[in-house]
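>>> predicted model and sequence below, questions to follow.
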Amino acid sequence: MIWFSHTSFRVYTFPVQKEAAPVTAAWLQRLGNAVRSARRCAGLTQSELGQPLLSKSFISQLEQGKLAPSIPSLLHMAAKLNVSPSQLLALSDARLLADTCFTMAETALFVDGLEAAETWLVPLASLPDWQDPPRIARQHRWQGLRALVSGQPDAALPELERALALQQAASVRPVATGEELFTLYWIGEAYRLSHNLLAALRAWEQAAGELAPPQAALGVPAWGSEAVPIPAPAPGISCSACFHAALLLRLAAVYEAVGDAKEAARARAATPPACVEALRTGSSIVNLLWLTAKEAYARADLAGAAICARLALLLRHASAYAL
């Protein structure tokens, strides 16, 4: 560990104890990986990152998970990398990292394909294998989406329904959380692909009802992040509003398919024009959003990565219904 003298700029370095607890060692390794990733993204060498206060040796050992930074050294590195200290620390948060990896994998599944999607789940192997309901729910939803993409909606439904049940059991909020609503969205899609349009309507009506008026339950609602500006297909459009619009357009399409023109017209009329336009331009901005998500992840901005990835998936999947 390092510390600064109060009377000079001298830096004292103290190695982490060799008998560090496994959890501490794993945390240090994740932090080291985060620093290395952000440094390479910024185009800095280890010497350049450390100057003028930290040595190249210190940065090297930190990236290997052999040293723990003090608060002053963390602030110094964050300033040189042009990120906030919280962003560097975020990648050492096992639960936050796991959630982000699942979100990135879900988007990659629809944008880049299964093989590319599975690479985003590789970091999970180095994380604690805790078995809490949110983590298990994400695993079930992942399996459900894999089946959905593979053209097996009947196999996807049980996985997605298990995910929703776990999310609802773990929730203490009076309204559905963002993860519950996204799972409901995919349950509706699985029913639609299984040609059970009435069940699809029920799932999407439930999700739309929970989201009207759009809530900020789907992560950070604004188009922006501390480190990465998020491309916006329309000004002032939040993730929640975009998702709500996608649900309404989905409902309109299914209402038309079952011959209910009145409800279809009502659903389309309730969709804000700005959101419709955002979805119409979705195909042209998906790649930009996905690239921004990957850049944000490389810069250790997990919040920015998750928002961009979620929007890329949403626009990719819903844009056809806005035409």
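All right, it came through fine. Just so we're clear, the structure is a prediction, and the values are computed from it rather than from any experiment. Residues are numbered from 1 along each chain as shown.

>>> in this structure, which helix has the most residues?
Ranked by number of residues, the top helix in the chain under DSSP state H is helix 22-42.

>>> any idea how far whichever helix or strand comes after that helix is from the chain center?
Following helix 22-42 in sequence order, the next helix or strand is helix 46-50 (DSSP states H and E). Centroid separation between helix 46-50 and its chain, computed with Cα atoms, centre = their mean, to the nearest Å, is 30 Å.

>>> one step back: ok now the longest helix of the chain, how far from the chain's centre?
That offset, for helix 22-42, works out to 19 Å (Cα atoms, centre = their mean).

>>> okay, buried residues for that helix please.
26-39, 41 (16 or more other Cβ atoms under 10 Å). In this view, the C-beta of every residue, glycine as well, is placed from N, C-alpha and C.

>>> likewise for stretch 269-281?
Across stretch 269-281, burial judged by 16+ other Cβ under 10 Å covers 271-272, 274-276, 278-280.

>>> run through the stretch 1-150 of the chain and note the low-pLDDT ranges.
Residues of the stretch 1-150 of the chain that meet the criterion pLDDT under 70 lie in 1-24, 26, 87, 90-92, 127-130.

>>> which residues are in contact with residue 255?
Residue 255 sits next to 201, 261, 263-264, 267 when contact means Cβ atoms under 8 Å, 6 or more residues apart in numbering.

>>> helices or strands up against the longest helix of the chain?
helix 46-50, helix 56-63, helix 71-81, helix 85-90, helix 94-111, helix 282-298 (3 or more Cβ pairs under 8 Å, 6 or more residues apart in numbering; DSSP states H and E).

>>> buried ones in the third one?
So that's helix 71-81. Within helix 71-81, the residues scored as buried using 16+ other Cβ under 10 Å are 73-74, 76-78, 80-81.

>>> these into JSON lines, with extra columns for distance to residue 151?
Below are the buried residues of helix 71-81 laid out as JSON lines (distance: Cβ to Cβ, whole Å):
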{"residue": "73", "distance to residue 151": "52"}
{"residue": "74", "distance to residue 151": "48"}
{"residue": "76", "distance to residue 151": "52"}
{"residue": "77", "distance to residue 151": "47"}
{"residue": "78", "distance to residue 151": "46"}
{"residue": "80", "distance to residue 151": "48"}
{"residue": "81", "distance to residue 151": "43"}
